[in-house]
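Novice: What follows is a protein structure lacking sequence information:
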């Protein structure tokens with residue numbers, strides 16, 4: 001150690017300087033040594049460094065966004081014809097992740113600049129300030145299995161599209177999806193009426209080219225403003241079925257409800273095609289009486305021919321029935337079928 005009076009180096013731990021006799025203050029010197037202890041000086045610096053490193057790691061951690069938390073399903077309208085409402089809360093998403101989405105989107109677009117010939121930079125500028133909206137439009141999409149004609153108690157399932165790749169490539173974030181199940185409730189009940197009372201379907205023509213027309217004279221006053229359509233109205237055969245559907249100017253019949261306080265209790269009715277005449281397509285369909293009639297007609301035609309054309313002692317003595325055959329045109333649209341009998345002439 002150094003004497004503070006004469007400046008000469010002396011041994012540690014002595015009380016008086018051997019050169020000048022001055023008292024040595026060991027306590028003060030020890031205090032100075034403590035203040036300059038490098039271990040204690042570096043300790044807080046190291047602690048600050050650890051905190052800074054932890055903060056950097058936290059800031060650069062890729063966030064995972066559960067988009068299901070921002071989706072709400074609801075229904076409105078009337079029971080049996082309710083409509084599904086799908087609402088995504090972009091404002092809440094902006095509060096929760098808006099800054100991270102914006103920062104990471106711009107960074108991703110900057111990194112993609114060379115690969116997209118500058119289009120990524122253009123995209124970033126076009127959506128400046130609307131990055132969260134863009135995220136919702138591209139990464140939070142899906143569909144519901146039923147959106148209309150809802151009744152109280154119906155269960156609707158909303159299934160998400162898998163846009164995880166787009167989320168990471170364009171926005172630098174991860175997304176998590178969970179299907180949403182919603183049970184319809186709260187739809188108002190209304191009175192109903194029979195919209196098909198007095199409405200009938202008439203069939204005409206020949207099978208298999210029959211036609212159907214609607215005789216729409218509904219008896220219910222509430223049905224006067226409605227209209228009806230058929231799913232099939234031509235090319236019909238006996239035994240076919242056609243479906244008649246009633247419509248209003250609005251899909252949910254709310255105009256009818258507003259005017260009459262009621263709606264159709266059913267919107268569809270099925271009718272079976274019947275009563276059409278039929279072309280013969282098989283000999284098996286010929287009754288005995290029809291077959292005899294054809295035979296008699298064939299004999300009459302030939303007798304007339306013999307009376308006009310036979311000469312030189314030719315006489316017609318009779319005919320023997322051998323069988324029949326059916327001619328059907330290749331073009332089915334013509335609807336023509338011929339039945340012929342084959343006979344032996346004597």
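Specialist: Looks like it came in fine. It should be emphasised that the depicted structure is a prediction, and the values quoted were computed from it without experimental measurement.
Novice: what's the first-to-last distance across stretch 232-244?
Specialist: In stretch 232-244, first residue to last residue: 9 Å (CA to CA, to the nearest Å).
Novice: Can you mark which positions in stretch 166-181 are buried?
Specialist: The neighbour-count check on stretch 166-181 (16 or more other CB atoms under 10 Å) flags 167, 168, 170, 171, 172, 173, 175, 177, 180 as buried. Quick note: C-beta positions are derived from backbone N, CA and C, even for glycine.
Novice: Could you measure from the fourth one over to residue 180?
Specialist: In this structure, residue 171 and residue 180 are 22 Å apart, going by CB to CB, to the nearest Å.
Novice: How about the third one?
Specialist: From residue 170 across to residue 180, the span is 24 Å (CB to CB).
Novice: Report the beta-bridge partners for residue 216.
Specialist: residue 199 (DSSP bridges).
Novice: Quick one: neighbours of it, just the number.
Specialist: Residue 216 is surrounded by 17 other residues when neighbours are defined as other CB atoms under 10 Å.
Novice: my guess is it contacts residue 230, does it?
Specialist: No. The criterion here is CB atoms under 8 Å, and residue 216 misses it with residue 230 at 10.8 Å.
Novice: Could you find the closest non-adjacent residue to residue 192?
Specialist: Nearest residue to residue 192 in three dimensions, chain neighbours excluded: residue 265, at 3.6 Å (CB to CB, 6 or more residues apart in numbering).
Novice: What score does the one you found have for pLDDT?
Specialist: What the model reports as pLDDT for residue 265 is 92.
Novice: which residues touch it?
Specialist: Applying CB atoms under 8 Å, 6 or more residues apart in numbering, we find residue 265 in contact with 192, 193, 194, 195.
Novice: and it, what are its phi and psi?
Specialist: Main-chain dihedrals, residue 265, degrees, to the nearest 10: phi -80, psi -20.
Novice: so how far is residue 214 from it?
Specialist: Between residue 265 and residue 214 the distance, using CB to CB, works out to 19 Å.
Novice: Tell me the bridge partners for the residue nearest the centre of the chain.
Specialist: Among the residues of the chain, the one closest to the centroid is residue 143, at 4.2 Å (CA atoms, centre = their mean). Judged by DSSP bridges, the bridge partners of residue 143 are residue 159.
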